[in-house]
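1. curious how this folds, go ahead:
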Amino acid sequence: MSPGLWLKNIFVPMFGQYDWQGRLVSFFMRLVQVVVRSVALVFWLIACLVLFVLWLALPVVVATGLISSAIKK
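-> Residues are numbered from 1 along each chain as shown. Have a look, this model is predicted:
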């Protein structure tokens with residue numbers, strides 16, 4: 001995603017367009033890219049954290065199920 005890389009180059013014109021129109025379009029295009037990629041990165045981080053928590057909770061759930069089924073017998 002690398003929004004930091006887009007921020008680093010936010011004032012660099014794209015495609016070698018050094019006129020004011022090229023600079024303006026490049027700036028706003030990169031600004032949109034930074035916002036969209038930052039939001040996507042946050043959603044990806046949340047998804048990874050949820051999967052990690054589920055991975056940590058799975059052995060506890062399995063052990064609880066095994067213990068509760070052993071007690072019922």
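2. all helices for this protein, in order.
-> Ranges of helices in the chain, per DSSP state H, are 3-8, 20-72.
3. mean pLDDT lowest for which of the ones you listed?
-> For the helices of the chain, the bottom mean pLDDT is recorded on helix 3-8, which sits at a mean of 86.
4. of all the helices of the chain, which lies closest to Met14?
-> Ranking the helices of the chain by proximity to Met14 (Cβ to Cβ) places helix 20-72 first, at 4.2 Å. (C-beta placed from N, C-alpha, C; glycine too.)
5. most tightly packed of the helices of the chain?
-> Mean neighbours per residue, mean count of other Cβ atoms under 10 Å, is largest over the helices of the chain for helix 3-8, with a mean of 14.
6. what packs against it?
-> Helices and strands touching helix 3-8, by 3 or more Cβ pairs under 8 Å, 6 or more residues apart in numbering; DSSP states H and E, are helix 20-72.
7. so which elements touch the helix it packs on?
-> So helix 20-72, by 3+ Cβ pairs under 8 Å, 6+ apart, packs with helix 3-8.
8. first-to-last residue distance for stretch 8-20?
-> 19 Å (Cα to Cα, to the nearest Å).
9. returning to that earlier point: next, format the helices of the chain as CSV and append distance to Met14.
-> Shown next, in CSV, are the helices of the chain (distance: least, Cβ to Cβ, whole Å):
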stretch, distance to Met14
helix 3-8, 11
helix 20-72, 4
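10. what sits against Tyr18?
-> By Cβ atoms under 8 Å, 6 or more residues apart in numbering, the contact set of Tyr18 is empty.
11. if you could redo that for Ser26, that was the one I meant.
-> By Cβ under 8 Å, 6+ apart, the residues touching Ser26 are 12-14, 17.
12. ok, it to Ile10 distance?
-> From Ser26 over to Ile10 the distance is 8 Å, taken as Cβ to Cβ, to the nearest Å.
13. so which of the contacts of Ser26 is the most crowded?
-> Pro13 (17 neighbours; other Cβ atoms under 10 Å).
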